[in-house]
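Engineer: Predicted model and sequence below, questions to follow.
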Amino acid sequence: MTFLCCEGLTFCQPGRKRPVLEEIDLALEPGELVGLLGLNGAGKSTLLRLLMGFVMPTSGEVLLEGRALREWSASAIARRLAYVPQNHVASFPYTVRRMVELGRVPYAGLTGRLGAADRAAVEAALERMGLEALAGRPVTELSGGERQRVVLARAIAQDARGLLLDEPMTGLDYGHQIRLIALLHDLAREGRLVMLTSHRPEELYVRASRVLILDHGRIEADGPPQDVVTAQRMSALYGVPLRQMDHAGNRFFHHGRDEE
Ligand SMILES: Nc1ncnc2c1ncn2[C@@H]1O[C@H](COP(=O)(O)OP(=O)(O)OP(=O)(O)O)[C@@H](O)[C@H]1O
């Protein structure tokens, strides 16, 4: 049985002539690190939000462990799927640790006391995101990148089999970007589904096991990075002439003007 899939998923925005997403079929399994590429406004966030059940499709269906998502309770979904939004706004001056503890609500309940397993998951997530030193600080006093790491730690503490992340590298300094993509790689190897939207094809080339291109409301490409993250496809997608250079397992793109 497929862990998470969608069939014929179509999503229309009122007032828009064309659907944002049209007849998307997708099967996603634990162990995969799936990168989702697409232009601004292509519908990447919308697809993640549909897969989480935050918005309802106009037609089609999302299935989690073989059952329609709308039949699951919110807590049951949250024990299986964690989500990191693109822009998280801190509304309360909770401490970093308290924010990460919220990742355990699907297990302990909103008013439930955290048990030993919950506390261990929280501490492990704080450590994985390098937040131990900030654990007592109110999140409202953190920098944008630090806050992003808190939201990521909360998702990790949730201990879900699937992690859907919307541009998780945004705002992170270079070192934390490198650590995060390595961590996501590890989480996939531990047997989780990790799906992230990205504007960094070179990074997906190295770390993703599978790359999707979303274009004109459809999945235009779906396969291993070697086949999908190519100069030809990236040039066509982004509308800039690119050349590729492979080196030591990496693939770099440079803006290949004809006269050079
Ligand atoms: N709340 C909304 N109301 C109306 N239209 C929306 C809303 N949210 C998104 N859209 C539209 O849906 C389309 C897809 O948006 P979405 O945020 O999914 O794109 P994206 O691929 O994630 O883009 P980006 O790379 O800029 O984050 C866009 O045309 C956007 O204008």
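Structural biologist: Received, thanks.

Engineer: And the strands in the chain?
Structural biologist: 4-11, 21-28, 33-37, 59-64, 67-68, 81-84, 162-165, 193-197, 210-215, 218-223, 242-247, 250-255 (DSSP state E).

Engineer: For those, give me TSV that also has distance to the ligand, mean pLDDT and mean neighbour count.
Structural biologist: C-beta: built from backbone N, CA, C; applies to glycine. Compiled in TSV, the strands of the chain are given as follows (distance: least, C-beta to the nearest ligand atom, whole Å; pLDDT from 0 to 100; neighbours: other C-beta atoms under 10 Å):
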stretch	distance to the ligand	mean pLDDT	mean neighbour count
strand 4-11	8	97	19
strand 21-28	8	97	18
strand 33-37	8	98	25
strand 59-64	15	97	18
strand 67-68	22	96	12
strand 81-84	13	95	23
strand 162-165	12	97	24
strand 193-197	6	97	25
strand 210-215	7	97	22
strand 218-223	13	97	16
strand 242-247	18	94	13
strand 250-255	18	93	14
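
Engineer: and Val139, which of the ones you listed is closest to it?
Structural biologist: strand 81-84 (14.5 Å; C-beta to C-beta).

Engineer: what is the spatially most central residue of the chain paired to in the beta sheet?
Structural biologist: Averaging the C-alpha coordinates of the chain gives a centre point, and the residue nearest to it by C-alpha atoms, centre = their mean is Leu165 (1.8 Å). Taking DSSP bridges, one obtains Val84, Leu196 as the residues bridged to Leu165.

Engineer: Any buried residues in the lowest-mean-pLDDT helix or strand in the chain, and which?
Structural biologist: Ranked by mean pLDDT, DSSP states H and E, the helix or strand of the chain with the weakest confidence is helix 105-108, at a mean of 86. When neighbours are counted by 16 or more other C-beta atoms under 10 Å, the buried residues of helix 105-108 are found to be 105-107.

Engineer: now do stretch 164-173
Structural biologist: Applying a neighbour-count criterion of 16+ other C-beta under 10 Å, the buried positions in stretch 164-173 are 164-169, 171-172.

Engineer: How about stretch 74-91?
Structural biologist: For stretch 74-91, a neighbour-count test (16+ other C-beta under 10 Å) marks 77-85, 88 as buried.

Engineer: Show residues contacting stretch 210-217.
Structural biologist: Contacts to stretch 210-217, defined as C-beta atoms under 8 Å, 6 or more residues apart in numbering, come from residues 18-22, 26, 32-39, 42-44, 47, 201, 204-205, 219-225, 228-229, 233, 237.

Engineer: With stretch 14-27 instead?
Structural biologist: 2, 4-13, 43, 46-47, 50, 57-58, 60, 212, 214, 216-219, 222.

Engineer: can you rerun that using 6 Å?
Structural biologist: Contacts to stretch 14-27, defined as C-beta atoms under 6 Å, 6 or more residues apart in numbering, come from residues 2, 5-13, 43, 46, 217-218.

Engineer: swap in stretch 146-160?
Structural biologist: Contacts for stretch 146-160 (C-beta under 6 Å, 6+ apart): 80-82, 84, 88, 90, 96, 99-100, 102-103, 121-122, 125-126, 128-129, 131, 139, 163, 171.

Engineer: related to what we said a few turns ago, redo the strands of the chain as a markdown table? Include distance to Ala117.
Structural biologist: Output for the strands of the chain, formatted as a markdown table (distance: least, C-beta to C-beta, whole Å):
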| stretch | distance to Ala117 |
| --- | --- |
| strand 4-11 | 25 |
| strand 21-28 | 27 |
| strand 33-37 | 26 |
| strand 59-64 | 23 |
| strand 67-68 | 26 |
| strand 81-84 | 17 |
| strand 162-165 | 19 |
| strand 193-197 | 22 |
| strand 210-215 | 32 |
| strand 218-223 | 37 |
| strand 242-247 | 44 |
| strand 250-255 | 39 |
